[in-house]
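Chemist: Build the 3D model from these lines:
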Amino acid sequence: MTTAAGTFDDRFAPLADLLHQHVSDGVERGASLCVVQDGEVLVDIWDGWSDLEGTVPWERDTIVPVWSISKVMTNLAALVAVDRGLIDLDEPVATYWPEFAAAGKQDVTVGHLLGHTSGVSGWAQPVTVDDLYDWDVATSKLAAQPPWWTPGTASGYHLLDQGHLVGEVVRRVTGSSLGTWFADEVAAPLDADFHIGLDAVHDQRVSPLTPPRPPEIERFDDPDDVALRTLTGPFLRASECNSERWRRAEIPAANGHGNARSIARVQSVVSHGGEVDGVRLLAAETVERIFEVRASGIDRVLGLPLTFGTGWALPDADSMPSVRPGRRCFWGGLGGSVVVNDVEQRLTIAYAMNRMVMEHSPGTRTIRPCGDSRFDAYAEVIDEALA
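Modeler: Just a heads-up that it's a prediction; the model follows:
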């Protein structure tokens, strides 16, 4: 059988075959997969097409918009600042960003921001998509608005604003934008091809995403519903990620660009106890803080059971069945991209693709918050190879 391009341990030949089959069958347009364990790259494969017309192959250095994979990159960058004593997760955000204390947010901690429990899951109206691109406007609006629920009592997925919230704290203590801090303190030391704010020199390597077919969803009858306010504060079309202004901006919750290799490279810092190839970014004690449960229950935005640690989701059979219980943390991006870190096995699995898919969680009309049936299939093959 013709198989995917790249390199892989012989145990993972079925994974390369499956990726190629998915491309041949139209399940994928183009995609990459990477598996790193105990410092060794076991899988680094790609297949399919980079362009929309199916004439330009996905290459080794092809990168894609990965939506909310950006959040775990942003949160890792924030933990680097925590590790250096610049930020305390248990301190109020207002310690670093005094304006944020307005409207009853004086007790919101930095940990609440990373755990999606701050009560500020989106921008209050009026807000426009253009406001996302103006850092000062966007952060000033967030500082001025009240929380939509009591901070620390429940999660409400910080859909588009987590990067502005966390990024402004990082900016206040380092003097650098989140994208610059990430580039200098995370990506560069690891030689990782992941970007939050993409320079024009990389444009020719970017594969545009195919927006998903919107599934049927529940209607909102209450205009004050937290989910409705978050999803419309502001409402962003999936096609926005293919625009030049999206690539140039820093929207750290959503506009990162990379591929499976670069995602796995960065995120293996977590699965490997804070150090990769002699580069230590986090102390083991800082990695441990990821696994502090910040919230567990029905998420007020996504409407499904979720368990959030500090910056990542933790295993929950209802939200991500392909992530088994244990010392694992994960998240994904809109349309399919996923990263899973397994501290026990010193294992990171990353998947990035260009054909967006949105699926319902089994037995519901609620959108699955992370991953889809494609990743489930890859994860099953990976588990079998590692058994």
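Chemist: can we go C-alpha only for contacts and neighbour counts from here?
Modeler: Noted.
Chemist: Thought residue 259 was touching residue 62, still the case?
Modeler: Yes: applying C-alpha atoms under 8 Å, one finds residue 62 in contact with residue 259, separated by 6.9 Å.
Chemist: The two: which is more packed in?
Modeler: Neighbour tally, residue 62 and residue 259, criterion other C-alpha atoms under 10 Å: the higher count belongs to residue 259, 29 against 24.
Chemist: ranges for the strands of this protein?
Modeler: Assigned by DSSP state E, the chain shows strands spanning 5-8, 30-37, 40-48, 64-65, 195-196, 256-258, 275-276, 279-280, 295-298, 305-308, 313-314, 328-332, 338-342, 347-353.
Chemist: Turn those strands into a markdown table, columns for mean neighbour count, distance to residue 248 and mean pLDDT.
Modeler: Listed next are the strands of the chain as a markdown table, based on neighbours: other C-alpha atoms under 10 Å; distance: least, C-alpha to C-alpha, whole Å; pLDDT from 0 to 100:
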| stretch | mean neighbour count | distance to residue 248 | mean pLDDT |
| --- | --- | --- | --- |
| strand 5-8 | 17 | 29 | 98 |
| strand 30-37 | 27 | 23 | 99 |
| strand 40-48 | 23 | 25 | 99 |
| strand 64-65 | 28 | 12 | 99 |
| strand 195-196 | 26 | 9 | 99 |
| strand 256-258 | 27 | 10 | 99 |
| strand 275-276 | 19 | 29 | 98 |
| strand 279-280 | 14 | 28 | 98 |
| strand 295-298 | 18 | 33 | 97 |
| strand 305-308 | 24 | 30 | 96 |
| strand 313-314 | 29 | 28 | 98 |
| strand 328-332 | 25 | 22 | 98 |
| strand 338-342 | 26 | 23 | 98 |
| strand 347-353 | 29 | 20 | 99 |
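Chemist: Save those strands as a markdown table, and put in distance to residue 203 too.
Modeler: Output for the strands of the chain, formatted as a markdown table (distance: least, C-alpha to C-alpha, whole Å):
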| stretch | distance to residue 203 |
| --- | --- |
| strand 5-8 | 22 |
| strand 30-37 | 17 |
| strand 40-48 | 19 |
| strand 64-65 | 10 |
| strand 195-196 | 12 |
| strand 256-258 | 10 |
| strand 275-276 | 28 |
| strand 279-280 | 29 |
| strand 295-298 | 38 |
| strand 305-308 | 34 |
| strand 313-314 | 31 |
| strand 328-332 | 23 |
| strand 338-342 | 23 |
| strand 347-353 | 17 |
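Chemist: Surely residue 341 is in contact with residue 332?
Modeler: No: counting by C-alpha under 8 Å, residue 332 is not a contact partner of residue 341; they are 11.8 Å apart.
Chemist: Now for these two: what residues contact both?
Modeler: Shared contacts of residue 341 and residue 332, defined by C-alpha atoms under 8 Å, 6 or more residues apart in numbering, are absent.
Chemist: Just the buried residues of stretch 74-84, please?
Modeler: Residues 74-83 are the ones in stretch 74-84 that count as buried (16 or more other C-alpha atoms under 10 Å).
Chemist: now for those residues, which pair is the farthest apart?
Modeler: Distance extremes for the buried residues of stretch 74-84: the farthest pair is 74 and 83 at 14.3 Å, using C-alpha to C-alpha.
Chemist: ok, and the closest non-adjacent residue to residue 380?
Modeler: Spatially, and ignoring its direct neighbours in sequence, residue 380 is nearest to residue 322 (7.4 Å; C-alpha to C-alpha, 6 or more residues apart in numbering).
Chemist: give me the number of residues near that neighbour?
Modeler: 21.
Chemist: measure it to residue 22 for me?
Modeler: Residue 322 sits 18 Å away from residue 22, going by C-alpha to C-alpha, to the nearest Å.
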